[in-house]
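Visitor: Fold the stuff below for me.
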Amino acid sequence: MDFKKCTLKDEWENGHHRRVWIDRNGRVIADAYESYKVSHEEYLLRNECRAILAEQVAPFLNRIIVNARHGIKVRFSKNSLGKVASDKAVTKSVVNGFSVQEHFEALADLRRIFENADFVGSFPDRNGDPNVIAMHRLQKGIMLSSGKNALAYMTLKEVKKEGNRFYTMELILEQCKPR
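Guide: Numbers count the residues shown, from 1 in each chain. The predicted structure follows:
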């Protein structure tokens, strides 16, 4: 699909951020995340960054992290690591205007970012999982080494059995933050 005559638009619903391509008439023609194609070079870079990240987060893997502002506790597990470094999470940040390296730079500082983040809200699980109490969103404005301002947008999954789990994080341009 040729997107040269289209523009990107950010949409928000129940705490979910979605970026879409719209035509000149304002009609949604494609989901920007689904239409993104990863090059072979980017694929290799993502894998290299994942290996480095695994070492960086090892000190707090399977530990509880506490948000100082709101007292929210969350467990960051091996599954959490997989989610934040997944192709889906990385692609969201890339489509939102950041590089693969910038996504992983923010993840390397995930603990400090979470500890100082602001609570955005709680929302029901989209899939209606009866074991999920709620999905919680937090955000923190950060400055990347490139000089770009970003909004680290985090999702926690509160489950009946184990409490809050760190679910994912994406970078969003500061001007696109939820209102």
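
Visitor: Alpha carbons of the longest helix belonging to the chain, in CSV - could you do that?
Guide: If you go by DSSP state H, the chain has its longest helix at helix 40-57. Extracted in CSV, the C-alpha atoms of helix 40-57 (Å, rounded to 0.1, in the frame of the first residue of the first chain):
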residue,chain,number,x,y,z
HIS,A,40,16.7,-7.7,8.1
GLU,A,41,19.1,-5.1,9.6
GLU,A,42,16.5,-4.0,12.0
TYR,A,43,15.7,-7.6,12.9
LEU,A,44,19.4,-8.2,13.8
LEU,A,45,19.5,-4.9,15.8
ARG,A,46,16.4,-5.8,17.8
ASN,A,47,18.0,-9.2,18.7
GLU,A,48,21.2,-7.6,19.8
CYS,A,49,19.4,-5.0,21.9
ARG,A,50,17.3,-7.8,23.5
ALA,A,51,20.4,-9.6,24.7
ILE,A,52,21.9,-6.4,26.2
LEU,A,53,18.6,-5.6,27.9
ALA,A,54,18.4,-9.0,29.5
GLU,A,55,21.7,-8.3,31.3
GLN,A,56,20.6,-4.7,32.2
VAL,A,57,17.4,-5.8,33.9
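
Visitor: neighbouring strands for the helix or strand following it, and are they parallel or not?
Guide: Per DSSP states H and E, the first helix or strand lying C-terminal to helix 40-57 is strand 63-66. Using DSSP bridges, strand 63-66 pairs in its sheet with strand 73-76 (antiparallel).

Visitor: and the strand it pairs with, which residues are buried?
Guide: 74-76 (16 or more other CB atoms under 10 Å). Every residue, glycine included, has its C-beta placed from N, CA and C.

Visitor: Distance from the chain centre to the longest helix of the chain, please.
Guide: In terms of CA atoms, centre = their mean, to the nearest Å, the centre of helix 40-57 is found 16 Å from the chain centre.

Visitor: for that helix, packing partners?
Guide: Secondary-structure packing of helix 40-57 (3 or more CB pairs under 8 Å, 6 or more residues apart in numbering; DSSP states H and E): helix 78-84, helix 100-108.

Visitor: In TSV: these, plus mean neighbour count.
Guide: Converted to TSV, those look like this (neighbours: other CB atoms under 10 Å):
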stretch	mean neighbour count
helix 78-84	18
helix 100-108	20
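
Visitor: Redo the ones you listed as a markdown table? Include distance to residue 121.
Guide: Below are the helices and strands packed on helix 40-57 laid out as a markdown table (distance: least, CB to CB, whole Å):
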| stretch | distance to residue 121 |
| --- | --- |
| helix 78-84 | 20 |
| helix 100-108 | 21 |
